[in-house]
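In: Generate a structure from the sequence data that follows.
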Amino acid sequence: MSEEVAERVFAPALRERLARSVELVPELLAGPLTGAEARAALAGTEILVTGWNCPPLTAEVLAHAPRLRVLVHAAGSVKPVVTDALWDRGVVVSSAADANAAPVVAYTLSAITFAAKGALSAAAGYAAGWPPFTERTGADARTIGIIGASRIGRGVIAGLRASDAGWRVLLTDPYVTGEEAAGLGVELVDLPELCRRSSIVSVHAPQLPETRGMMSAEMLGLIPDGGTVINTARGSLVDTEALARECGAGRLDAFLDVTDPEPLPAGHPLLVLPNVLVTPHVAGAQGSEVRRLGEFAVGEVERVLAGAPLRGRLHRADLPRLA
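Out: This is a model prediction of the structure:
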């Protein structure tokens, strides 16, 4: 990872804690992992801690890391780092994605609350005068559609169930059974029905070839007038231009932390519409929150050394379903 990332994720006290468990390579590895310096460091490495911007661990890289047995990823998605060569070597992989998920869940629940209260339109109309109580929208009898029972999707469901707002929650996910949905306290439906019945649709599916553009013009058109789309997953899951048309017409609102393309070009309608809030991929760990990632990673290293089960262990079969 870069020095900037390392300084934020691994505060000095956390680095000292890590150094009490293992012998740390003196210099941080940043940039390509195929140079002489990186090869020298990897030659004796048994546990590799990675972060944002780490290059893929290809067969070429692994050829110079014969002792590598554990990868601990101190960031969100580990997909850019792992390769078939890594799995073939039998390297144990752990990710701090759970630590990164909590802020995304909190962001999403906040967006749902804002959407239910009609906060964007209320804010846009504030300059024209204070609205009377009878013209304000409320959060009663709202139906929330959750697309994807990912760790974040499940966290959002749990947050909604824990509230006393009386949300009705629909879920679409091809991997979830009716019995499991009942255990989550949600109603399992297909995507078209979810869109037709939901006032608020929140996207939490992974980015896969079959999920690209799943929120198409057709699906967006099924959401009732006045509905809201929330996307904290991947921008490619939503048809950007179709959403811009729906929001531009005033039929839908949107809260977007991810877009396609990312970033959006200057002047794009989604950046200027009063009923759309676009944030620059900040739902995940930011500021002091990123220390959670380092704490999780150091804890995983300590569990490796103690022979304890890893909290964030992943398997090759898990990868297609991950963000």
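
In: Alpha carbons of the longest helix seen in the chain, as PDB, please.
Out: With DSSP state H setting the assignment, residue counts place helix 97-116 as the longest helix in the chain. Output in PDB follows, covering the C-alpha atoms of helix 97-116 (Å, rounded to 0.1, in the frame of the first residue of the first chain):
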ATOM      1  CA  ALA A  97     -14.400  -6.100   4.600                       C
ATOM      2  CA  ASP A  98     -16.500  -6.500   7.700                       C
ATOM      3  CA  ALA A  99     -14.800  -3.600   9.400                       C
ATOM      4  CA  ASN A 100     -15.300  -1.500   6.200                       C
ATOM      5  CA  ALA A 101     -19.000  -2.600   6.000                       C
ATOM      6  CA  ALA A 102     -20.100  -0.900   9.200                       C
ATOM      7  CA  PRO A 103     -19.700   2.700   7.900                       C
ATOM      8  CA  VAL A 104     -21.400   1.800   4.600                       C
ATOM      9  CA  VAL A 105     -24.400   0.300   6.600                       C
ATOM     10  CA  ALA A 106     -24.600   3.500   8.600                       C
ATOM     11  CA  TYR A 107     -24.400   5.700   5.500                       C
ATOM     12  CA  THR A 108     -27.200   3.700   3.800                       C
ATOM     13  CA  LEU A 109     -29.500   3.800   6.800                       C
ATOM     14  CA  SER A 110     -29.000   7.600   6.900                       C
ATOM     15  CA  ALA A 111     -29.800   7.800   3.300                       C
ATOM     16  CA  ILE A 112     -33.000   5.700   3.800                       C
ATOM     17  CA  THR A 113     -34.000   8.000   6.600                       C
ATOM     18  CA  PHE A 114     -33.400  11.100   4.500                       C
ATOM     19  CA  ALA A 115     -35.300   9.500   1.600                       C
ATOM     20  CA  ALA A 116     -38.300   8.600   3.700                       C
END
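
In: secondary structure class for Ala254?
Out: strand (DSSP: H, G, I helix; E, B strand; the rest coil).

In: From what I see, it and Asn275 are in contact.
Out: Yes. In this structure, Ala254 is within contact of Asn275 by Cβ atoms under 8 Å, at 7.4 Å. (Each C-beta comes from the backbone N, C-alpha and C, glycine too.)
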